[in-house]
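> Build me a model from this:
(chains A and B)
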Amino acid sequence: MSRVARHLVIGGVAASAMLVAAACGPSGTGSSGEPAGEIAELDYYADQQGSQAWQQILDTCAEETGIRINRQTVPTDQLLPKVLKDASSRTLPDLLFTDNPTLQQIASTGALTPLTDYGISTDGYYESIIKAGSYENEVYGLAPGVNGLALIYNEDLLAEAGVEPPQTWDELTAAATELSGGGKYGLAFSAVPSEEGTWQFLPFFWSNGADLSKVDSPEAVAALRFVTGLVDSGAASKSVLNWNQNDVADQFVAGNAAMMINGSWNLARLDEEEDLNYGVVPIPSPRPGTPPVVALGGEVGAIPATGPERQEAAAKVLSCILAEENMLAWDEAHAYVPSKVEAAERFAQDNPAMRPFVTQVETARSRTAALGEQYPKVSQALATALQAALAGQQSPEEALRTAQEQAGRS
Amino acid sequence: MTVLAQQRTEPAAPTPHRRRRRGGYRLAALAFLLPALAYVVLFFGYPLVNNLSMSLRDYSVRSFYTGEAPFIGWDNYAAVLRHPLFGEAVFNTAVFTVGSIAFQFGIGLALALFFSKRFPAGGLLRSLLLLPWLLPLVVSGAVWRWMMDQDHGVINAALRALGLADGPTPWLTSPGWALPAVLIVNIWIGIPFNLVILHGGLRAVPESLYEAAALDGASAWQRFRHVTWPLLRPVTAVVLMLGLVYTIKVFDVIMVVTGGGPANATQTLTTWSYQLSFDGDFAFGQGAAVGNLLVLVATVFGLLYLRSARSSLAEGGS
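Take a look at the predicted model:
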């Protein structure tokens, strides 16, 4: 071996040793009982506006607690795969913000720690968000803000056509039909073949009295028939099959849709459009006088088991994020509804446009409350049924019967 | 006798020496092989074995953290084969693969022949044709999705303006149209690859053969059929083989353009494998089983290619 080669080999060995050392990371610091000085945080607020707002909250809490927060953001659909990967390699973040219907999935692995261990209180929160964050009677996740869907309408287009914002299904059909024509549609919503599609369909499904434990009930079929009817009659575009909720907002902003079903997080973006005057009403319900039931949205913060010091530090940061003034700051910036009942009431008084969302959160339902870990499976089956019915491949009855079979298969 | 004995032992004398040297060569050869071998074992062997083991286990979300995944034999494969979506996914994969390769290759070859003639701005045009290859798939997929929008897409507007279509074509919203739509996108993406490799192959065909053929009075078609085509065959085999492997594993294009919808009309084995693993079911074992079936198909075609390459080499040698 020449001298150069020997040096190369030694260099290579040294480099790989360093790599291995780096990969192992700062572990085994010994348990001194003191919270760690820094934590790793993972979230999916990847859009510019949401990312900035979230960073501000993290900065505030880093300052308040004196703990450095190493933030990592991934696109929404990559969060769960990343968490699973991290779980198997034991490199989970210390603080994790995940979509609430996936929390039970993650908690079921045993990777999360109950929040009561850190003295984080659940007092004053909406019952539904506590349910969404619980697994086997332990609370594993709490949200600084929740959201839900509502009907957002273009005030100018409705005034032009002399149409009032609809409150019932019949009124919605009539209004959407009236507002359609000339390449424009009365209503836009999302029916993509994923959780996003199910989430948009659930307000119709639940408000009509259907239940996720039996997705082919007559109430469920009637709900699907109503939504399919909107597309078949031309009151909504068939492209809803491909539109995610951002696309729906694009269509609304472009004036191609007079009304849309969408979440509160879009309001900040709508406010940026100077020529756009919009209003918000709760999602129309099947019968007058009955309040609509929407699905509860929003991300919950959870603390994976990464070692006592780091968990303690993560708990301090989470408590700070959940503190009322930070909760309100985040909800204000991102147009979410505070997850504490009293804070939400004050919030609605200060932000009238958020009133319909706050009203709906009171009756909103957690998607995983009844089904728990089984929810994602049923959700997938329901989204497939929605697609099959809207594409005209199956009748609503057939589509939901298939979905029930699919959901029942283990 | 002694002479004879001496004669016998003399050539035998250097053997131990030579053997030692040969052993040294073998060790050196092995040492040179080791990095490649380690790479293959670590980055191909390990994931493959892992995937195989996963497909034989009941691998759930929980398994990721606890590491416990009970062995269940061929149950995952049985579940996948009995699944109502299996037939549809196989059919879609076959149509998608065959359709993509046929058109990519046909159009790529035609363009390669076109650009093998020298003409002004030919080089510029050829490099522009590479664009689909250079764009990130997610970007081109998203743009195609807008262009194929039923109501406001530029494709339907163009068809209407040209008077080629009465009503809007439901590219991405009708189960019947969605597969052709993603097929078109994938063909567009694959043409540059075929064009570049085939163009390179054409360059290697000696000009003198065409001159000789022309002297013999061969027509353009005859020149293509009897000069270009046979000499291009090795390149053709490589292009088709790589095309097959690249196409059968296409995931991103379909995911971005249709997400497997509408109503599973564009679900191929790759997107279905992902759906089984990550969307709702979290049946990682079944997802792995579908992945292994794909690996198997690709391997079979790879072996077929190697065999044909070896026989054509032997042909060339004789």
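
> how many other residues sit next to the closest residue to chain A within the stretch 151-300 of chain B?
When scored by CB to the nearest CB, the stretch 151-300 of chain B has B:G280 as its residue closest to chain A, at 2.8 Å. (Glycine included, C-beta is placed from N, CA and C.) Here the number of neighbours of B:G280 (other CB atoms under 10 Å in any protein chain shown) works out to 24.

> and what of A:P286?
So A:P286, with other CB under 10 Å, has 18 neighbours.

> can you pull the contacts of it?
A:168-169, A:207-208, A:222-223, A:226 (CB atoms under 8 Å, 6 or more residues apart in numbering or on different chains).

> again with A:A188
A:236-237, A:240, A:243, A:248, A:251-252, A:256-257, A:259-261.

> how does it look with 6 Å?
Shown in contact with A:A188 (CB atoms under 6 Å, 6 or more residues apart in numbering or on different chains): A:248, A:251-252, A:257, A:260.

> go on, A:Q167?
Neighbours of A:Q167 in contact, by CB under 6 Å, 6+ apart: A:P284.

> Could you list the low-pLDDT ranges of the chain?
In the absence of a named chain, this looks at chain A. A:1-33, A:409-410 (pLDDT under 70).

> Chain B, not that one
In chain B (pLDDT under 70), the answer is B:1-21, B:312-318.

> hang on, A:L187 is in a strand, isn't it?
Yes: under DSSP: H, G, I helix; E, B strand; the rest coil, A:L187 sits within a strand.

> Now for it: which residues touch it?
A:176, A:235-236, A:259.

> out of those residues, which one sits closest to chain B?
A:A236 (10.9 Å).

> Now do the contacts for that closest one.
A:A236 neighbours (CB under 6 Å, 6+ apart): A:185, A:187, A:230.

> any idea how far it is from B:D151?
Separation of A:A236 from B:D151 (CB to CB, to the nearest Å): 11 Å.

> Reformat the contacts of A:A188 as a markdown table; add distance to B:A38.
A markdown table is the format used below for those (distance: CB to CB, whole Å):
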| residue | distance to B:A38 |
| --- | --- |
| A:V248 | 51 |
| A:Q251 | 53 |
| A:F252 | 56 |
| A:A257 | 57 |
| A:M260 | 56 |
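
> Helix or strand: which one has the closest residue to the residue of the stretch 151-300 of chain B closest to chain A other than its chain neighbours?
Residue nearest to B:G280 in three dimensions, not counting chain neighbours: A:Q380, with 2.8 Å by CB to CB, 6 or more residues apart in numbering or on different chains. Take DSSP states H and E as the rule and A:Q380 turns out to sit in helix A:375-390.

> Show me which residues of the stretch 151-300 of chain A are close to chain B?
A:192-193, A:237-239, A:241-242 (CB under 6 Å from any CB of the partner chain).

> other SSEs contacting the helix or strand following the helix holding A:Q380?
Remark: after helix A:375-390, the chain's next helix or strand is helix A:396-408, criterion DSSP H and E. Packing contacts for helix A:396-408, counted by 3 or more CB pairs under 6 Å, 6 or more residues apart in numbering or on different chains; DSSP states H and E, involve helix A:218-232, helix A:375-390.

> Can I get helix A:396-408 in PDB? Just the C-alpha atoms.
The C-alpha coordinates for helix A:396-408 follow below in PDB (Å, rounded to 0.1, in the frame of the first residue of the first chain):
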ATOM      1  CA  PRO A 396     -74.900   6.300  -4.300                       C
ATOM      2  CA  GLU A 397     -76.400   3.100  -2.800                       C
ATOM      3  CA  GLU A 398     -74.000   0.800  -4.600                       C
ATOM      4  CA  ALA A 399     -71.000   3.000  -3.800                       C
ATOM      5  CA  LEU A 400     -71.700   3.100  -0.100                       C
ATOM      6  CA  ARG A 401     -72.500  -0.600   0.000                       C
ATOM      7  CA  THR A 402     -69.100  -1.300  -1.400                       C
ATOM      8  CA  ALA A 403     -67.600   1.100   1.100                       C
ATOM      9  CA  GLN A 404     -69.200  -0.700   4.000                       C
ATOM     10  CA  GLU A 405     -67.800  -4.000   2.700                       C
ATOM     11  CA  GLN A 406     -64.400  -2.500   2.300                       C
ATOM     12  CA  ALA A 407     -64.500  -0.900   5.800                       C
ATOM     13  CA  GLY A 408     -65.700  -4.200   7.300                       C
END
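
> right, and A:C320 touches A:E64 too?
Yes: using CB atoms under 6 Å, A:C320 is in contact with A:E64, at 5.2 Å.

> wait, isn't B:I191 in contact with B:G106?
No: B:I191 is beyond contact range of B:G106, at 9.6 Å (criterion: CB under 6 Å).

> More neighbours: these two, which one.
Using other CB under 10 Å as the criterion, B:I191 and B:G106 rank with B:I191 on top: 22 against 13.

> Quick check: which element contains that one?
Judged by DSSP H and E, B:I191 forms part of helix B:175-203.

> sorry, back to before: which of the three states applies to the residue of the stretch 151-300 of chain B closest to chain A?
coil.

> mind pulling up the phi and psi values for it?
Main-chain dihedrals, B:G280, degrees, to the nearest 10: phi 90, psi -60.

> Any idea which residue of the stretch 1-150 of chain B lies closest to chain A?
For the stretch 1-150 of chain B, CB to the nearest CB, closest residue to chain A: B:Y65, 3.8 Å.

> Tell me how far that residue lies from B:Y59.
12 Å.

> Tally up the residues packed near the closest residue in space to A:Y375 that isn't next to it in sequence, please.
Leaving out its chain neighbours, the residue that sits closest to A:Y375 by CB to CB, 6+ apart is A:T368, at 4.6 Å. Applying other CB under 10 Å, we find 25 residues neighbouring A:T368.

> Wait, a strand at A:T368?
No: membership of A:T368 in a strand is not supported by three-state DSSP, which gives coil.

> Name the residues that touch stretch B:73-82?
With CB under 6 Å, 6+ apart as the criterion, stretch B:73-82 contacts B:55, B:285-286, B:289-290.

> and it, how far from the chain's centre?
26 Å (CA atoms, centre = their mean, to the nearest Å).

> same deal with stretch A:357-365?
With CA atoms, centre = their mean, you get 15 Å for stretch A:357-365.

> If we go by neighbour counts, what in it is buried?
The neighbour-count check on stretch A:357-365 (16 or more other CB atoms under 10 Å in any protein chain shown) flags A:357-361, A:363-365 as buried.

> Give me the residues contacting that stretch.
Stretch A:357-365 is contacted by residues A:128, A:146, A:148, A:150, A:264, A:282, A:291, A:293-294, A:296, A:337, A:344, A:348 when judged by CB under 6 Å, 6+ apart.

> Show me which of those residues are buried.
The neighbour-count criterion (16+ other CB under 10 Å) marks A:128, A:146, A:148, A:150, A:264, A:282, A:293-294, A:296, A:337, A:344, A:348 among those as buried.

> Return the member of those nearest to chain B.
Closest to chain B, out of all of these and judged by CB to the nearest CB, is A:L296, at 18.8 Å.

> For chain B, what is the nearest residue in the stretch 1-150 of chain A?
Closest point on the stretch 1-150 of chain A to chain B, by CB to the nearest CB, is A:T109, at 3.8 Å.
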